[in-house]
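[1] Quick one, structure for this:
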Amino acid sequence: MEKKKYGLITAITMIVGIVIGSGIFFKSDNILIYTNGSIEKGIVVFSIAAIGIIFGSLTIGVLASKTTAAGGIITYADEYSGRKVACGFGWFLGFVYFPALVAVLAWVTGVYICMLFGIEATLETLLYLSLASVAICFFVNTVSRRLGGYYQNLSTFIKIIPLFLMAIAGLVYGDPKLIVNETTIKLGEQSGTWLAALGPVAFSYDGWVVSTSIAHELKNSKKTLPLALTIGPIFVLIAYILYFVGISILVGPEEIMRLGDEHLNVAALKIFGKNGAKVILTFIVVSVTGTLNGFILGFIRLPYSLALRKMLPFSSEIEKVDKRTGVSKISAIFAIVVSIVWIWLNYITQKYNMLPNSDVSEIPIVASYILYIILYFNVIKLYKKGEVPSFIKGVIIPILAIIGSSIIVIGGLQNPITIYYLIICSIVICLALLFLKVQNNKGEVELEKIK
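    Predicted coordinates for the structure are as follows:
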């Protein structure tokens, strides 16, 4: 029997480490642009989006407590919604969600590396740095999953340092009057309402569900994962609001909107000086790479999980696991190839400004919350069947999760580009269903090995 590798600390740090460390640092300016510089509205948007992640994670935790099969969220979709939903969900995650977010996280890693070493951040430079950072993370997690887990723990604790340092500095040296003052300067006209800020906020929160990908590798996973899914999101909410308020009153909403991603470096220089700013940027680089590492740690296991269910071409090859590392090398190669494709797509959208005040990471966000809602309804169904004895866990919490996710979806739709994102995601899901239909026509597949 395979030995379990990860414990509660790794599960919590995976959630906190994936969620914190990227979006909050480079999406603050996007959020303020959508809210027209209103810190108050920004806090409201963070709080609204938190409903989706906190109650969503608690709801998924109910499903996680009922199975230890490989696949995480795909397992839950397969067992409680059927093969069609699981296959559609899996292809969406594998061909859109994971690679799109990996591409942007790698890009942001390049941005902060350029800031740290004073390199000119040309699009080509960021492209090469993106490819290099992804290659390194894939290599680490493929060669040793234990090493990948250790780095996840280390980077999570490191990334908390700059987050709270900047929050404290802002609260001590910033101007609290800015919290209630409306910014009158507009940097370009924004479409939709300030609720459109739920798009970048949702990205800042996103990633918590990735932790379910290592459910089958957790010690006592039926208790460990639900507990991690409870502790992690609440910690993230508190940290985010403190940081957002701190950095906003320290630098000022107008200045943050004008500077864009550079605002963090300016804030660090203002408080800690040139040398201190270098230290902060070093922490940020570790922070962002930790987030990238967490996504890749989950991504390399996704094709394997789909292959076990015969939901990918060449599944018999993908499902073969290296006995030494415990990871499917073909699954990892699949993941890195798709990620590289999305890195190039992100480069093209940036080069031709195809997604103003946005990037390819926002393509899968709204669609993912729509799919999560399907899983939340499954928990209510389990309650009705008597398989979830608690009315709060079986009805109240899932309903709050559905409401939270629905608000994020509605907010995302305020951005007119979102409809095109949904079309892209729908095409991928339709292709998944077409593949499954062809696969089913070949005869029944044996799925016993995933149990």
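[2] quick one: low-confidence ranges for the stretch 51-200 of the chain?
    Residue ranges of the stretch 51-200 of the chain with pLDDT under 70: 68-71, 144-153, 155-156, 180-196, 199-200.
[3] Helices of that one, start to end?
    Secondary structure of the stretch 51-200 of the chain (DSSP state H, counting those that start in this stretch): helices at 73-81, 83-92, 98-117, 123-143, 145-173, 198-205.
[4] export those to JSON lines and tack on distance to Pro226 and mean neighbour count?
    All C-beta spots, glycine's among them, are computed from the backbone N, C-alpha and C. As requested, the helices of the stretch 51-200 of the chain are exported to JSON lines (distance: least, C-beta to C-beta, whole Å; neighbours: other C-beta atoms under 10 Å):
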{"stretch": "helix 73-81", "distance to Pro226": "12", "mean neighbour count": "23"}
{"stretch": "helix 83-92", "distance to Pro226": "20", "mean neighbour count": "23"}
{"stretch": "helix 98-117", "distance to Pro226": "23", "mean neighbour count": "24"}
{"stretch": "helix 123-143", "distance to Pro226": "24", "mean neighbour count": "19"}
{"stretch": "helix 145-173", "distance to Pro226": "19", "mean neighbour count": "19"}
{"stretch": "helix 198-205", "distance to Pro226": "19", "mean neighbour count": "28"}
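[5] quick one: which of those is nearest Lys66?
    Each of these was checked against Lys66 via C-beta to C-beta, and the shortest separation belongs to helix 73-81, namely 8.2 Å.
[6] what's the next secondary structure element after the helix or strand hosting Trp342?
    When secondary structure is defined by DSSP states H and E, Trp342 falls within helix 329-351. Beyond helix 329-351 in the direction of the C-terminus, DSSP H and E gives the next helix or strand as helix 365-384.
[7] Now the helix or strand immediately after that following helix in the chain: average pLDDT?
    Per DSSP H and E, the first helix or strand lying C-terminal to helix 365-384 is helix 391. The predicted model assigns helix 391 a mean pLDDT of 93.
[8] Just the buried residues of the helix or strand that helix 391 is followed by, please?
    Moving toward the C-terminus from helix 391, the first helix or strand encountered (DSSP H and E) is helix 397-412. Neighbour-count burial for helix 397-412, counted by 16 or more other C-beta atoms under 10 Å, picks out 397-405, 407-409, 411-412.
[9] can you check stretch 260-277 too?
    For stretch 260-277, the neighbour count (16+ other C-beta under 10 Å) marks 261, 263-265, 267-268, 271-272, 277 as buried.
[10] Show me how far that stretch is from its chain's centre.
    If you compare the mean C-alpha spot of stretch 260-277 with that of the full chain, they lie 26 Å apart, counting by C-alpha atoms, centre = their mean, to the nearest Å.
[11] What lies in contact with that stretch?
    Stretch 260-277 is contacted from outside by 25-26, 28-29, 108, 111, 115, 162, 166, 169-170, 173, 247, 250-251, 255-256, 259, 279-281, 284, using C-beta atoms under 8 Å, 6 or more residues apart in numbering.
[12] do you know which of the helices of the stretch 51-200 of the chain lies nearest Leu229?
    helix 73-81 (11.4 Å).
[13] between that closest one and helix 365-384, how many degrees?
    Using axes from the mean of the first three to the mean of the last three C-alpha atoms, to 10 degrees, one finds that helix 73-81 and helix 365-384 are set 50 degrees apart in direction.
[14] how much space between Ile51 and Ile241?
    For Ile51, the distance to Ile241 (C-beta to C-beta, to the nearest Å) stands at 14 Å.
[15] Also Ile296?
    Computed as C-beta to C-beta, the Ile296 to Ile241 distance reads 28 Å.
[16] which one of those two has more residues nearby?
    More neighbours surround Ile296 than the other of Ile296 and Ile241, with 29 against 16 (other C-beta atoms under 10 Å).
[17] Between helix 73-81 and whichever strand or helix holds that one, find me the angle.
    Remark: Ile296 resides in helix 263-299, with elements defined by DSSP H and E. Angle between the axes of helix 263-299 and helix 73-81 is 60 degrees (criterion: the same axes, to 10 degrees).
[18] So what's the model's average confidence on helix 263-299?
    Across helix 263-299, the average pLDDT comes to 83.
[19] Helix 329-351 and that helix, what's the angle between them?
    Taking the same axes, to 10 degrees, one finds that helix 263-299 is oriented at 150 degrees with respect to helix 329-351.
[20] Could you list every helix and strand that the next helix or strand after helix 263-299 packs against?
    Beyond helix 263-299 on the C-terminal side, the first helix or strand identified by DSSP H and E is helix 302-308. For helix 302-308, the contact count by 3 or more C-beta pairs under 8 Å, 6 or more residues apart in numbering; DSSP states H and E identifies helix 73-81, helix 83-92, helix 315-318, helix 329-351 as packing neighbours.
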